[in-house]
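Novice: sequence first, then the predicted structure:
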Amino acid sequence: MPELSLSEVLELDRRHVWHPYGPMPGQREPLVVESAGGVRLKLADGSGELVDGMSSWWSAIHGYNHPVLNEAAREQLARMSHVMFGGLTHEPAVRLAKLLADMSPKGLEHVFLADSGSVSVEVAIKMCLQYWRSLGRPEKRRLLTWRGGYHGDTWHPMSVCDPEGGMHELWAGALPRQVFADAPPAGYEEAYAGHLREMVERHAGELAAVIVEPVVQGAGGMRFHSPAYLRVLREVCDAHDVLLVFDEIATGFGRTGALFAAEHAAVAPDVMCVGKALTGGYMTMAATLCTERVAEGISRGEVPVLAHGPTFMGNPLAAAVACASIELLLGQDWAAEVKRIEAGLRDGLAEAAGLPGVRDVRVLGAIGVVQLDHEVDVAAATRAAVAEGVWLRPFRDLIYTMPPYVTADDDVARIARAVCAAARVG
Ligand SMILES: *Cc1c(COP(=O)(O)O)cnc(C)c1O
């Protein structure tokens, strides 16, 4: 039985609890969720259920309270929920590493289990800098990325987020200064490919790596670009001794219609980050994968170890659920489900293109985006979506959705109606 009344929850939340990108004390009243099952969030105020259009930020791909994932957690809980990973190992972590290595683009064989997406990006950056240090080239310690990206909220990932208009402008003078190329255009343009080549060539002597989100830029603006740019990056990085990192934290595990977005370009990076959907949205866990070349390079250095080891590294509970989530995904025709949702979103969002104030409507895989020509009124847009029975979380000029893969056609249609309703008032 709940111990707090609804108004007590809201009052204590306002007084004590930070929320993502929120002020303290809190100003907006959040909705209180009592439980969740399938694609529905049950609200504590008795007003009913909302269809989740967000997959809890890309993560809950199989929906909530899934019997297979619950069972994996229960079974692991009865053995051990955690043991330290220094000097010890266990089956869930080893199985997960093998699953990830087997399913990932070719050559990514070594797996570092991190505790959040941002930390996995920190580890990726540390791997790249340490690789060049070990090879006697410590001056190669800057990163190149393109504008419009997002790689997390901890310090080094912030330095490769879009420096303007994004969430981290505030820190412009304090962050390490990285090299920024222009944001990638949606379609392939030879001039932009030339710009990428030129930037990498010019800075190659000081670059440890290029880091980008492949095909979809997420929290930096929900923009899509031609996979051909990834091939350009692979070629120019190879030609000029620069490592290539793909941040697949949002795009991994089928979201864009390929298991990993890198597959749209048939390109493999040297280092890859995954997170978000890794545990099917059950627990926080991420991973950084690298090639034999990177691992071997690091191990040849004067300090021959990767000096990173979170307390909760390889958490058995999260690893067991991650294994179950990946097996659940690969054991079904996930690509057909993502295609089905893509078709539903294309259908349902088509009318948004004609609405006043709408700049662009785009769909790729199980991702639907309506971009306005102005900042969204988040409160009004959220109310409009909730009135349609749907949970959305718009930001900047974007009303967008990435539903769980198990969302039925009528619920996909309902989500699309809610996005349109939010676009009308937002
Ligand atoms: C969400 C996200 C991150 C950060 O992951 P957290 O688990 O929130 O730290 C990094 N990169 C990309 C592309 C993301 O979408």
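Specialist: Looks like it came in fine.
Novice: can you pull the pLDDT of Val83?
Specialist: With respect to pLDDT, Val83 scores 98.
Novice: also Glu29?
Specialist: In this model, Glu29 carries a pLDDT of 86.
Novice: do the same with Gly166
Specialist: You'll see Gly166 listed with a pLDDT of 60.
Novice: Met1 too?
Specialist: pLDDT for Met1: 63.
Novice: and stretch 368-376, end to end?
Specialist: When the termini of stretch 368-376 are compared using Cα to Cα, to the nearest Å, they are 16 Å apart.
Novice: what is the mean pLDDT for that stretch?
Specialist: Mean pLDDT, stretch 368-376: 97.
Novice: so which bits of that stretch are buried?
Specialist: Gly368, Val369, Val370, Gln371, Leu372, Val376 (16 or more other Cβ atoms under 10 Å). Any C-beta I mention is one placed from the backbone N, CA and C, and that applies to glycine too.
Novice: sec struct for the third one, please.
Specialist: Following DSSP: H, G, I helix; E, B strand; the rest coil, we place Val370 in the strand state.
Novice: so what's the most centrally placed residue in the chain up against?
Specialist: The structure's the chain has its C-alpha centroid closest to Ala250; by Cα atoms, centre = their mean the separation is 2.3 Å. By Cβ atoms under 8 Å, 6 or more residues apart in numbering, the contact set of Ala250 is Trp58, Glu213, Val216, Gly218, Ala219, Lys276.
Novice: one more: Glu302?
Specialist: For Glu302, the contact set (Cβ under 8 Å, 6+ apart) comprises Ser134.
Novice: overlap between the contacts of Ala250 and the residues near the ligand?
Specialist: Subset of the contacts of Ala250 in contact with the ligand: Glu213, Gly218, Ala219, Lys276, counting by Cβ under 6 Å from any ligand atom.
Novice: where along the stretch 51-200 of the chain do the strands fall?
Specialist: Here the stretch 51-200 of the chain has its strands, by DSSP state E, counting those that start in this stretch, at 108-114, 142-146, 179-181.
Novice: report the buried residues of the first one.
Specialist: Same thing as strand 108-114. Using 16+ other Cβ under 10 Å as the burial criterion, the residues of strand 108-114 that qualify are Leu108, Glu109, His110, Val111, Phe112, Leu113, Ala114.
Novice: that one pairs with which strands, and in what direction?
Specialist: Applying DSSP bridges, strand 108-114 is found paired with strand 286-291 (antiparallel).
Novice: which outside residues touch the partner strand?
Specialist: 96-97, 100-101, 104, 107-117, 119-121, 123-124, 127, 249, 270-276, 278.
Novice: show me where the stretch 151-300 of the chain dips below the pLDDT cut-off.
Specialist: In the prediction, the stretch 151-300 of the chain carries residues with pLDDT under 70 at positions 165-168.
Novice: residue in this structure nearest to the ligand?
Specialist: Going by Cβ to the nearest ligand atom, the ligand is nearest to Gly117 of the chain, at 2.1 Å.
Novice: how many other residues sit next to that residue?
Specialist: Applying other Cβ atoms under 10 Å, we find 30 residues neighbouring Gly117.
Novice: follow-up on the earlier one: of the strands of the stretch 51-200 of the chain, which is nearest Ala380?
Specialist: Of all the strands of the stretch 51-200 of the chain, strand 142-146 sits nearest to Ala380, with 32.5 Å by Cβ to Cβ.
Novice: return the distance of the closest one from the chain's centre.
Specialist: On the basis of Cα atoms, centre = their mean, to the nearest Å, strand 142-146 sits 19 Å off its chain's mean C-alpha point.
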